[in-house]
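1. sequence below, structure please.
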Amino acid sequence: MIRFLAYRVGLTLPLLLGTAVVIFLAGHYAPGDPVQVLLGDRYTPEAAAHMRHDLGLDRPFVVQLAAYIVHAAAFDFGVSYVNPARRVRDIVRQTLPISVRLAACAVLLATILGVTLGVGAAVYLGVIAGLSVPSFVTAAILVLLFALRWRLLPVAGWGSPQAAVLPVIVLAAAPLAYITRISRASVRQVMTEDYVRTARSKGLRAPAVLLRHVLRNAALPIVTTVGMAFGYAITGAFVVEVIFNIPGMARVAVDAILQRDYTIIQTAVLVYTTLFVVINLVVDLSYAFLNPRVRY
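-> Model (predicted):
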């Protein structure tokens, strides 16, 4: 396990380094001038030259790239171009936990309901319908019904448990359908194995067969799907946070794209890439705990 963990971390570091280089190149060669965005109506050649010097944009490209990688490794992403009084790492500390909590709640809801429906469909129902409604359509329908028509829940925000209900449901809808389908297929496949028939022939009750033999061996594809669902929830939060006005990292990234705040855009891409890498690593490590036959 330790060797596998060291191997995966060794693969992760070049991936994050390459991501940082690509992000920096994209920001460096992107159309538009961040200095002009910062100065606005106060733009003059003298003021622009002075600001480029303060931001280090007049240094050689290689020096800028090396400085960016070193500072990013120290979790120092500089200041916001639009609001120089705010450091980007402070923005990440304030907004990233909100996005992670939103995604975690959505994945937890989708996992509980999806596994329950999938197992029930495999054991009792045989078929189940999938959901294919985009999150922005689901959000509009739920807001129209529960917030505007029936006035049961707030329209937007993130300050109370009631305000989190609609965005969590919207974000969980698509992963719920995917987890349900994979759970059903995995359970039905395991139920046809010889060891399951042997357990039944020995007189083991159906709930015991399901818990001891079926679910345990069907867990690996489901865990992989849950990890993918968390990744979907992280990216789906870009739409949900904007619609419900949630002050998370995704909402900040969307605002930064509209305002050409390159430091926040670069940081958001790097942070989300790191999250995806960590999620995949956790999923891989969980295999050994769920199935003793899996060894690294």
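2. can you pull out the helices in the stretch 151-296 of the chain?
-> Taking DSSP state H, counting those that start in this stretch as the criterion, the stretch 151-296 of the chain contains helices spanning 161-191, 194-201, 206-209, 215-243, 249-259, 262-290.
3. buried residues, the last one. List them.
-> It refers to helix 262-290. For helix 262-290, a neighbour-count test (16 or more other CB atoms under 10 Å) marks 262-273, 275-277, 279-281, 283-284, 286-287 as buried. Backbone N, C-alpha and C define where each C-beta goes, glycine included.
4. before we move on, what about the longest one?
-> For helix 161-191, a neighbour-count test (16+ other CB under 10 Å) marks 163-188, 190-191 as buried.
5. angle of it against helix 194-201?
-> Note on geometry: by axes from the mean of the first three to the mean of the last three CA atoms, to 10 degrees, helix 161-191 and helix 194-201 are set 90 degrees apart in direction.
6. report the angle between helix 161-191 and helix 215-243.
-> What separates the directions of helix 161-191 and helix 215-243 is an angle of 150 degrees, with the same axes, to 10 degrees.
7. could you do the second one as well?
-> Taking the same axes, to 10 degrees, one finds helix 194-201 and helix 215-243 inclined to each other by 110 degrees.
8. and helix 194-201, what does it pack against?
-> Using 3 or more CB pairs under 8 Å, 6 or more residues apart in numbering; DSSP states H and E as the contact criterion, the elements in contact with helix 194-201 are helix 206-209.
9. could you check the pLDDT of the residue positioned nearest the centre of the chain?
-> The centre of the chain sits closest to I234, judged by CA atoms, centre = their mean, with a distance of 2.2 Å. Here the pLDDT value assigned to I234 is 88.
10. rewinding a little: and the helices of the stretch 151-296 of the chain as JSON lines, adding distance to Q36?
-> Formatted as JSON lines, these follow (distance: least, CB to CB, whole Å):
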{"stretch": "helix 161-191", "distance to Q36": "36"}
{"stretch": "helix 194-201", "distance to Q36": "67"}
{"stretch": "helix 206-209", "distance to Q36": "68"}
{"stretch": "helix 215-243", "distance to Q36": "26"}
{"stretch": "helix 249-259", "distance to Q36": "13"}
{"stretch": "helix 262-290", "distance to Q36": "12"}
